[in-house]
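Student: A predicted structure for the sequence below; I have some questions about it.
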Amino acid sequence: MKKAIFAGLVAVTLAGCAQPLPRVQHVPEQVQTPSRYRAEVHTQLGAGYYSRGQLGVALQELSAALEADSSYGPAYNVLGLVYAALGEPQLAEQNFARALSINPDDSEAHNNYGLFLCQRGREQEGIRHFLQAVRNPLYRTPEVAYVNAGDCARRVGDMQRAEEYFEKALRLQPAQPQALRAMAAIAYGKGRFDEAHTYLTRFMQVAQPDAESLALGVRIERQRGDREAEASYAAQLRNRFPQSKEARALESGNL
């Protein structure tokens, strides 16, 4: 991660791991005023506190950002994330909308708003924002928005579009782990077991496996008839995640 104050931070995705830092998209200006500078600094600080789960302090920093410059769109973007985490969806949506009213080309705001919508059962709206995000040629992580769009399409059972979005993510970033694992699962579900094996192998090369991916490996290799590989995945699942639902399913013969 870059540490320069305005370098931008890791983008939010649908992955269910530790809360990542939101990227704050900086909009270049001819003149950097002191108030805008303070707004940017407080917004970056607020994003950092949000990522660590210190939501109250994050709100204080973002309030300071908007006191310095109430027209600084990225502050509203991060406020949307904070209010979503606080279980205040109406305030979250208001702030995402405000961020985009100030800067309709803010790809990070589109991505975060799309994620918010998808997680609340508004998948088609969410996908539209993800696709709007990738239209900006200056967007630095379009593969993230494509992964989110793919996950959103999977939630409504649209596997054809999901596969298209994940493929686009992998064309941009061939080692994108969420896209690799998703493509392995989709290929497995469609009976393309050798293809599923290839995608999962690539995933294992770039990411630490969890119980879900190891269980997928067991199922893929069982269908391929590779008993050695199946046993290897099963052993890892038992040893590394003995209390997981996948491990319990394996032991009961229901995996």
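Tutor: Now that the structure is in, tell me what you want to look at.
Student: quick one: buried residues of the biggest helix by length in the chain?
Tutor: Longest helix in the chain by number of residues (criterion: DSSP state H): helix 34-51. For helix 34-51, the neighbour count (16 or more other CB atoms under 10 Å) marks 36, 38-51 as buried. Where C-beta positions appear, they are placed from N, C-alpha and C, glycine not excepted.
Student: gap between it and the chain center?
Tutor: How far helix 34-51 lies from its chain's middle: 22 Å, per CA atoms, centre = their mean, to the nearest Å.
Student: all helices for the stretch 1-150 of the chain, in order.
Tutor: Remark: helices assigned in the stretch 1-150 of the chain by DSSP state H, counting those that start in this stretch are 34-51, 55-68, 73-85, 89-102, 107-119, 123-134, 142-155.
Student: so the last one versus helix 107-119, what angle?
Tutor: Same thing as helix 142-155. Calculated by axes from the mean of the first three to the mean of the last three CA atoms, to 10 degrees, helix 142-155 forms an angle of 10 degrees with helix 107-119.
Student: show me what helix 142-155 is packed up against.
Tutor: helix 107-119, helix 123-134, helix 159-172, helix 177-189 (3 or more CB pairs under 8 Å, 6 or more residues apart in numbering; DSSP states H and E).
Student: which strands and helices lie in contact with the shortest one?
Tutor: Using 3+ CB pairs under 8 Å, 6+ apart as the contact test, the elements touching helix 123-134 are helix 107-119, helix 142-155.
Student: so which of those comes closest to Ala185?
Tutor: Nearest of the helices and strands packed on helix 123-134 to Ala185, taken as CB to CB: helix 142-155 at 8.6 Å.
Student: that closest one versus helix 159-172: what angle between them?
Tutor: Going by the same axes, to 10 degrees, helix 142-155 makes 160 degrees with helix 159-172.
Student: could you export helix 142-155 as CSV, CA atoms only?
Tutor: The C-alpha trace of helix 142-155 is given here as CSV (Å, rounded to 0.1, in the frame of the first residue of the first chain):
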residue,chain,number,x,y,z
PRO,A,142,-11.5,-1.4,-12.6
GLU,A,143,-11.0,-5.1,-11.9
VAL,A,144,-12.4,-4.5,-8.4
ALA,A,145,-15.6,-3.1,-9.9
TYR,A,146,-15.9,-6.0,-12.3
VAL,A,147,-15.5,-8.5,-9.5
ASN,A,148,-18.2,-6.7,-7.5
ALA,A,149,-20.5,-6.7,-10.6
GLY,A,150,-19.8,-10.4,-11.0
ASP,A,151,-20.7,-11.2,-7.4
CYS,A,152,-23.8,-9.0,-7.7
ALA,A,153,-24.9,-10.9,-10.8
ARG,A,154,-24.3,-14.3,-9.0
ARG,A,155,-26.6,-13.1,-6.2
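Student: what's the neighbour count on Val147?
Tutor: For Val147, the count of nearby residues is 28 (other CB atoms under 10 Å).
Student: residue contacts, Phe193?
Tutor: By CB atoms under 8 Å, 6 or more residues apart in numbering, the contact list for Phe193 reads 187, 220, 223-224.
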